[in-house]
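model the structure of this input:
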Amino acid sequence: MRWWILGALVSLVAVAQARSQPRSPAGGDGVPIRVESRGNELYAMRDAPVAYARLEQLVVDIARPSEPGAGPIRVARVSPRQLIAWVLCVTNDGTLVVGERLHTFDADERHYVFTKGEIARSYRPLETPEGWLWLVEVALSREVTVMLEVLAAASWPVESVAVTADRSR
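Sure, this is the predicted structure:
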């Protein structure tokens, strides 16, 4: 009888933990989100890591040169030729802070060079039954804006977020 009760408790804990995790986005089969417009391309991991839990860590790290385009969300622009990589931080109050690393193509050297790193934006969370939700707008070209829906369990620290996209305009 005790084993049956123990098994039931373990099952309830597993269900409670599964419900507290963000739902996998539709089509969340590991295939990244890719949207192209006029040669510009947005790339986003559907299960994107949140590399930072503290703003101080993000500020120090984004100022350092990195591999061009290394980030869970990135945009490649054709004019000017740039790679913009976004890294994510979720603070203990649920604010999503987006750090941006910009690499510009150096035609003489024939490779991308680190131009700057800075905090690009921050978003207060929308409270949903699934957890924290942030709406991140990405202007891909004059004609196309992509709305990224970023979702995480409302518990800190956040290790990853689920990302879906809605193409606008």
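
identify the residues contacting the residue nearest the centre of the chain.
Among the residues of the chain, the smallest C-alpha distance to the mean C-alpha position (CA atoms, centre = their mean) belongs to A48, namely 5.0 Å. Counting by CB atoms under 8 Å, 6 or more residues apart in numbering, A48 touches 72-73, 88, 150, 160-163. In this view, the C-beta of every residue, glycine as well, is placed from N, C-alpha and C.

grab the longest strand from the chain for me.
strand 111-123 (DSSP state E).

which helix or strand lies directly C-terminal to that strand?
As assigned by DSSP states H and E, the chain's next helix or strand after strand 111-123 is strand 126-128.

quick check: mean pLDDT of that next one?
Confidence over strand 126-128 (mean pLDDT, whole number) is 91.

which helices and strands sit right next to that strand?
Strand 126-128 is packed against strand 131-139, with contacts defined by 3 or more CB pairs under 8 Å, 6 or more residues apart in numbering; DSSP states H and E.

list the buried residues for the helix or strand just after the strand it packs on?
Using DSSP H and E, the helix or strand that follows strand 131-139 towards the C-terminus is strand 145-152. For strand 145-152, the buried set under the neighbour-count rule, 16 or more other CB atoms under 10 Å, comprises 145-146, 148-152.

nearest to E130 among those residues?
Checking the buried residues of strand 145-152 against E130 by CB to CB gives L151 as the nearest, at 5.9 Å.

does the closest one touch V161 like I think?
Yes: under the criterion of CB atoms under 8 Å, L151 makes contact with V161 at 6.2 Å.

helix or strand for V60, just tell me which one.
Using DSSP H and E, the element containing V60 is helix 55-62.
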